[in-house]
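Asks: Sequence plus the predicted model coming up.
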Amino acid sequence: MDINLTKKELLSIDSYQFYQKYLLGNEVWYYKVHLEDSQYSNKYDSMKRFIASELGLHFNNIAIFGSAKIGFSLNPQKDFREFNAKSDIDLAIVSEELFHKFWKSYLEMHSNLRYIKKYSIVTSSLFRQFITLDGLDNLSPFFVEWTKKTSGFVKDLQLLFDFKEHDINYRIFYSWDAVQRYYVRNIDDLKKIEEKKEEKKYDQ
């Protein structure tokens with residue numbers, strides 16, 4: 001997985017094709033290149049099995065995305081930033097059931113006129129069919145239950161699967177279609193930014 005070649009291909013092929021080729025499957029840049037683990041595929045599968053067991057999910061509904069997956073960020077605001085010591089490990093968890101439970105918790109907070117932190121981020125995420133946990137408080141019964149369930153989960157994940165130096169972030173998506181829309185949109189936006197850069201070069 002050559003980062004420079006991957007970047008070039010991102011700009012030259014259809015966004016959906018890039019998503020299919022580089023963001024799905026069990027080849028993870030972090031394990032294969034960064035850690036030079038010859039058993040990278042087995043390590044990734046073991047990680048997914050661990051999460052599935054801990055959270056009661058299906059093995060196939062868990063995936064690494066972002067810079068840990070391909071070596072650089074797909075966030076349009078980060079300008080192809082390569083994975084580094086401060087980078088997070090981004091996980092996608094696909095669960096219609098969990099999505100609805102978190103959505104219901106936010107709805108109850110709103111109905112009870114409770115303050116929702118990062119309201120615009122929370123609502124924007126919900127509109128795009130994924131959950132961020134930024135706005136939930138300790139008055140939400142389901143969130144309290146979820147916190148207890150996952151209290152040691154992240155630390156165990158960091159220790160068991162060689163993520164010790166990196167924070168782990170996860171989004172809970174309603175479906176794989178929602179995952180695809182999120183990342184294909186990011187790729188499209190990255191391309192537009194690069195096209196504008198090229199236009200400026202020619203105008204100078």
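Replies: Looks like it came in fine.
Asks: Would you map the strands across this protein?
Replies: Per DSSP state E, the chain carries strands over the ranges 62-65, 89-94, 130-131, 168-173.
Asks: what residues are up against residue 167?
Replies: Going by C-beta atoms under 8 Å, 6 or more residues apart in numbering, residue 167 touches 88-89. Using the backbone N, CA and C atoms, a C-beta is placed for each residue, glycine as well.
Asks: And it, how far from residue 85?
Replies: According to C-beta to C-beta, to the nearest Å, residue 167 and residue 85 sit 11 Å apart.
Asks: now residue 52
Replies: Counting by C-beta to C-beta, the gap from residue 52 to residue 85 is 29 Å.
Asks: Around residue 141, count how many other residues there are.
Replies: 10 (other C-beta atoms under 10 Å).
Asks: could you say what helices and strands the longest helix seen in the chain packs with?
Replies: Taking DSSP state H as the criterion, the chain has its longest helix at helix 176-203. On a contact count with 3 or more C-beta pairs under 8 Å, 6 or more residues apart in numbering; DSSP states H and E, helix 176-203 meets helix 3-12, helix 15-18, strand 62-65, strand 89-94, strand 130-131.
Asks: Point out the most buried one among those.
Replies: Highest mean neighbour count among the helices and strands packed on helix 176-203 (mean count of other C-beta atoms under 10 Å): strand 130-131, with a mean of 24.
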